[in-house]
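1. here is a sequence with its predicted model. Questions after.
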Amino acid sequence: MTTFATPTIADPLPPSTPSVGRPVSRVDGRLKVTGGAKYAAEFNVPGLLHGYVVSSGIAKGRITKIDASAALAVPGVVHVFTHENRPDLAWFDRKWKDDDAPKGSPFRPLYDAEIVHSLQPVALVIAETFELARYGARLVTVENAAEPHETDLKAGRHNAFTPGKDKGGFEPPPKPRGDADAALAAAAVRVDAEYFQPTEHHNPMELFASTVAVNDDGTLTVYDKTQGVQNTQTYVCNVFGLPTAGVRVISPFVGGAFGSGLRPQHQLFLAVLAATTLKRSVRVELSRPQMFSFGHRPETAQRVALGAGRDGTLTALVHEAVQESSRFENYVEIVVNWSSQQYRCDNVRLDYQLARLDVHTPLDMRAPGAATGVPAIESAIDELAAALKIDPVELRLRNYTDVDPNQGKPFSSKELRACFAQGAERFGWAKRNPEPRSMRDGKHLVGWGMAAGVWDAMQGQAAARAVLGVDGRLTVASATADIGTGTYTVMTQIAADALGLPVGAVTFKLGDSSLPMSPVEGGSWTVSSVGSAVKAACDLVRDRLAKLAAADSPLAGVEPIRMVFEGGRICVSDDRARSVAVTEVMRRAGTLVIEETARSIPNYVKRLKHTLGTHSAVFAEVRVDPDLGTVGVSRVVSAVAAGRIINPKTARSQVMGGIVWGIGMALHEETFTDHKIGRYMNHDLAEYHVPTNADVADVDVIFVEEHDDVVNPLGAKGVGEIGLVGVPAAIANAVYHATGRRVRAFPITPDKLL
Ligand code: MOS
């Protein structure tokens, strides 16, 4: 079971066109719309068994009795796994850690009788069909000794603590600068407010699933929904004590993940447990309610206090956040640091605390931390602008900084000023009447709001292999993922341009743990990390070709440095008429394939001297029904500076997705907990609201030109997350402008406006 669909490529461009910077359509688009793209639960294996998870009904305590006899009596039910009959497994915490694990002791499914969160998996029913497994799961009875739980941040925050590097894994916020509290007290104008963000859950269309095939030689092929096939592989090998060569993980397509696939989830563990114990192939797929059982964007309470002079100069900045984590891991996000990275201020105090609750450990969700902290500071800045009667764009420009005040380093590039200017121009911001409730359309109150966004431009080490055949076809591979972002397409473009080939001559492979090393796909760093490796590998192939051409071809004797690769040919740079086809060079040399592997390592020396980030300015228009309190977002303009844009079409889609997500954060998304039983109550798509087509109207994306020779050899920063960050505050600020009401607790639902 090692074959899987690879994209076929239709070349939408003339052969000689460099493709980077062009809106190349997704090379995997056809497979996706025709159903040719296969997802983790769609790989069929002969003799497959199916598993269904039994979830805990209590939030904290111990299982005292678990009775699977009724389930086992059902014909077709093969086995029921519980903590009582599980095989021996790894003991040390480090064996259970994955590449994205926070500090602490990772959750171990079916390990013992202890219950640490509601919906925790307590049994796995294995049957010949999915329906039988699901039916059997209903028949498993669990008795518990419940203990008092705490799931409410309002109560839990009183025992919050500051996670240092030892407990959090991240540097704590920078030390205070100046005396923010004294400066606040002395400020001519002040805002001081609390902002609240609810728990949110990832709801990718594709449910979490793992199909584990037991091969004839006893090795496993694991089809997993993941953002990192090698992360999955390492986890499975460590937990089950298997050799790396015995586990191959495959994940060619991912139906959305948004961070939820950065850690191996329990369906993977359970499927491997069942397959290795029963020596049969097994699939475990979670249900939509069970998607609420393994991590979430954490509930967060924040205070932002700003002091300013009458001219708008910030004199005091206080940003405090308390965020939930689990009892067993310290999940830490960078929440408050963004505030003093974005604004120049002499008196700053930042504080970040964790509250331990009886929940599963939170989990990265699109722009983790920034999507929480930036809406708070960007709402507070808007409140300050209103108090000062200064235009919100102007106030941001008066406190603009070209140096990161947190670290005293220059930005490698920061075209945020251009984002403000181009976004405002496109939106028509100059026509805004600053007075709240001053703009109307029929009975609707119209509001215009804006906010800035920021995210990191990270890079990790990665490797890629490039293989050029004598037929002129190039295959490039790295064990990365495409979670819908366009990785297949942009890597194809980067490879094609490095060798001057048409994109139609290039195939990019990913999602297979046997391919060259890649970090998890997350943090908007895949173009930067894997793209650099792809370019490096292709450059090595190019060097070999140049040498061959210089030795024996119509270009014999030409220095490789004078050779230009374009249109499948090698030309002399100052005499383009002299050229030779790449395929002819290889034929003459009797070379069937040229294969090179490269590992790219970030230029830490250059990077460490700078702060690297992407920036955005978001402008939003809302229409509020004053009788019903309903809010519609009629228009959004997002101007983004993210270095060189490899593919403006897929990048635009990323930013549009971020805008849709921001609409959800501002107006819709909220996971409700019944604190009496410590359980999420709206764990389905009927009651957990995400934006639909009717909620998204006119969306416009601008990419501001930005040059950066520090970030990586491509000059590209990544766009998966920046599209979201500024949106929630822009909408909240627009709602204020429409209504005169400042809603500081997301989501802004009608009840909060009436
Ligand atoms: Mo993203 S939250 O880094 O997948």
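-> Sure thing, it's come through. Nothing here was measured: the structure is a model prediction, and the numbers come from that model.
2. for the ligand, what is the nearest residue in the stretch 101-250 of the chain?
-> In the stretch 101-250 of the chain, the residue that lies nearest the ligand is Q227 (5.8 Å; C-beta to the nearest ligand atom). C-betas here are computed from N, CA, C, even on glycine.
3. so who does that residue touch?
-> Going by C-beta atoms under 8 Å, 6 or more residues apart in numbering, Q227 touches 254, 257, 259, 261-262, 481, 483, 520-522.
4. need the three-state assignment for the closest residue to the ligand within the stretch 151-300 of the chain.
-> Going by C-beta to the nearest ligand atom, the ligand is nearest to G259 of the stretch 151-300 of the chain, at 2.6 Å. For G259, the assignment made with DSSP: H, G, I helix; E, B strand; the rest coil gives coil.
5. assess the claim that it and P368 are in contact.
-> Yes: using C-beta atoms under 8 Å, G259 is in contact with P368, at 6.3 Å.
6. skip the chain neighbours and tell me the closest residue to the residue of the stretch 101-250 of the chain closest to the ligand.
-> Nearest non-adjacent residue to Q227, counting by C-beta to C-beta, 6 or more residues apart in numbering: G261, 3.8 Å away.
7. how about the residues of the stretch 201-350 of the chain by the ligand?
-> 227, 258-259, 262 (C-beta under 6 Å from any ligand atom).
8. out of those, which comes closest to Q353?
-> Distance to Q353 across those (C-beta to C-beta) is lowest for G259, with 22.0 Å.
9. any idea how far the closest one lies from A716?
-> Using C-beta to C-beta, to the nearest Å, G259 is found at 21 Å from A716.
10. please apply the same query to R283.
-> For R283 relative to A716 (C-beta to C-beta), the value is 37 Å.
11. for C571, same thing?
-> 26 Å.
12. which of the two has more residues huddled nearby?
-> A716 (25 against 20; other C-beta atoms under 10 Å).
13. thought the more buried one was touching G531?
-> Yes: using C-beta under 8 Å, A716 is in contact with G531, at 6.5 Å.
14. next, the contact list for the closest residue to L416 other than its chain neighbours, please.
-> Nearest residue to L416 in three dimensions, chain neighbours excluded: H615, at 4.1 Å (C-beta to C-beta, 6+ apart). The contact partners of H615, taken as C-beta under 8 Å, 6+ apart, are 414-416, 419, 452-454, 640-642, 722.
15. and what of I722?
-> Contacts of I722 by C-beta under 8 Å, 6+ apart are 367, 453-455, 524, 614-616, 640, 642, 655, 658.
16. same question for H79.
-> Per C-beta under 8 Å, 6+ apart, neighbours of H79: 72, 125-126, 274, 277-278.
17. mind giving me the packing neighbours of the longest helix along the chain?
-> The longest helix of the chain (DSSP state H) is helix 526-551. Counting contacts by 3 or more C-beta pairs under 8 Å, 6 or more residues apart in numbering; DSSP states H and E, helix 526-551 packs against strand 462-469, strand 474-477, helix 487-498, strand 563-566, strand 569-572, helix 582-589, strand 593-600.
18. buried sites along it?
-> Of the residues in helix 526-551, those buried under the neighbour-count criterion (16 or more other C-beta atoms under 10 Å) are 526-538, 540-542, 544-546, 548-550.
19. next one: it to chain centre, how far?
-> 28 Å (C-alpha atoms, centre = their mean, to the nearest Å).
20. contacts for the lowest-mean-pLDDT helix or strand in the chain?
-> Scoring the helices and strands of the chain by mean pLDDT, DSSP states H and E places helix 165-168 at the bottom, with a mean of 83. For helix 165-168, contacts defined as C-beta under 8 Å, 6+ apart pick out 102-103, 161, 171-172, 330, 332, 354.
21. before we move on, what about stretch 419-427?
-> 393, 396-397, 429-430, 448, 450, 452, 615-619, 621, 635, 637-641, 700, 702, 704.
22. buried subset of those residues as a ChimeraX selection?
-> Selection of buried members from the contacts of stretch 419-427 for ChimeraX, criterion 16+ other C-beta under 10 Å:
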select :393,396,429,448,450,452,615,616,617,618,619,621,635,637,638,639,640,641,700,702,704
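23. among the contacts of stretch 419-427, which ones are in helices?
-> Using DSSP H, the contacts of stretch 419-427 in helices are 393, 396-397.
24. with pLDDT and distance to the ligand added, can I get those in TSV?
-> Formatted as TSV, these follow (pLDDT from 0 to 100; distance: C-beta to the nearest ligand atom, whole Å):
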residue	pLDDT	distance to the ligand
V393	98	29
R396	98	26
L397	98	30
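25. on that earlier part again, pull the number of nearby residues for the residue nearest to Q227.
-> Using other C-beta under 10 Å, G261 has 31 other residues around it.
26. that one reaches V229, doesn't it?
-> No: using C-beta under 8 Å, G261 is not in contact with V229, being 10.2 Å away.
27. can you check which residues contact both of the two?
-> Listed as contacting both G261 and V229 by C-beta under 8 Å, 6+ apart are A481.
28. look up phi and psi at S325.
-> Torsion angles at S325 (phi, psi; degrees, to the nearest 10) stand at phi -140, psi -180.
29. partner residues bridging it?
-> Counting by DSSP bridges, S325 forms beta bridges with R356.
30. which residues does it contact?
-> 102, 298, 331-332, 354-357, 361-362.
31. most neighbours out of those, which is it?
-> Neighbour counts for these peak at P298, which has 30 neighbours (criterion: other C-beta under 10 Å).
32. not counting sequence-adjacent ones, nearest residue to that residue?
-> Nearest non-adjacent residue to P298 (C-beta to C-beta, 6+ apart): P362, at 3.8 Å.
33. right, and the one you found touches V332 too?
-> No: applying C-beta under 8 Å as the test, P362 and V332 come out as separate, 9.5 Å apart.
34. so what's the residue count around R327?
-> Burial of R327 is recorded as 17 neighbouring residues (other C-beta under 10 Å).
35. and it, that's in a strand?
-> No: per three-state DSSP, R327 lies outside any strand segment and is coil.
36. let's have the chain start at 400 instead
-> Sure thing, new numbering starts at 400, so read that last one as R726.
37. turn the residues of the stretch 600-749 of the chain next to the ligand into TSV, columns for pLDDT.
-> Shown next, in TSV, are those (pLDDT from 0 to 100):
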residue	pLDDT
Q626	98
F657	97
G658	98
L661	98
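38. just the buried members of those?
-> With burial judged by 16+ other C-beta under 10 Å, the buried subset of these is 626, 657-658, 661.
39. okay if I get those residues as JSON lines plus distance to V721?
-> Listed next are those as JSON lines, based on distance: C-beta to C-beta, whole Å:
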{"residue": "Q626", "distance to V721": "28"}
{"residue": "F657", "distance to V721": "24"}
{"residue": "G658", "distance to V721": "21"}
{"residue": "L661", "distance to V721": "24"}
